[in-house]
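A.B. asks: Sharing a sequence plus its predicted fold:
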Amino acid sequence: MKKICAIILLLITTPVSAEQLLGLWITEQRSGSYAHVLMKPCEDKICGTVIKSFENGREVEAASLGKVIVYDMVADSEKTYAGRVWNPRNDKTYIAKLRVDGDTLALRGCVAGGLFCSKRTWTRI
């Protein structure tokens, strides 16, 4: 009986929608630079780590390699998530919203309580 209760509790507390966000994503290209980000569980939340960086189509050893740039993501709904994102270009952290639609991830990073926001689109690899 205890095992059945534990399984039911695990199913209730595990966000099914997290599976949509998990996996490998390619960031939007900016000035010829982009990265591969692995989204995975980090305790009870989701985080994203840079596993490869590219410049002008060639793999490079960027300072962001191995760094967590998406963190504290929790599901808001079946396809949306809230957390934080770090931009290695300016070393700033933003309040972030993610929306997954199939193989497309829309990322919105904001400061000043959402007054100033920037949008990026990532694609699942």
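C.D. replies: Nice, I can see it.
A.B. asks: Could you tell me whether residue 28 really is in a strand?
C.D. replies: No - applying DSSP: H, G, I helix; E, B strand; the rest coil, one finds residue 28 to be coil, outside a strand.
A.B. asks: Do you know the pLDDT at it?
C.D. replies: Predicted confidence (pLDDT) for residue 28: 91.
A.B. asks: Got the phi and psi for it?
C.D. replies: The phi/psi pair for residue 28 (degrees, to the nearest 10) reads phi -70, psi 140.
A.B. asks: Apart from its neighbours in sequence, what residue is nearest it?
C.D. replies: Of all residues not flanking residue 28 in the chain, residue 120 sits nearest, at 4.5 Å (Cβ to Cβ, 6 or more residues apart in numbering). Placement of C-beta: from N, CA and C, glycine included.
A.B. asks: Residue 40 too?
C.D. replies: Using Cβ to Cβ, 6+ apart and skipping the chain neighbours, the partner closest in space to residue 40 is residue 22 (6.2 Å).
A.B. asks: can you pull the contacts of residue 85?
C.D. replies: 69, 70, 71, 93, 94, 96, 107, 109 (Cβ atoms under 8 Å, 6 or more residues apart in numbering).
A.B. asks: ugh, wrong one, residue 32
C.D. replies: By Cβ under 8 Å, 6+ apart, the contact set of residue 32 is 55, 56, 57.
A.B. asks: now do 10 Å
C.D. replies: By Cβ atoms under 10 Å, 6 or more residues apart in numbering, the contact list for residue 32 reads 54, 55, 56, 57, 58.
A.B. asks: Now do it, the pLDDT please.
C.D. replies: Looking at residue 32, its pLDDT is 90.
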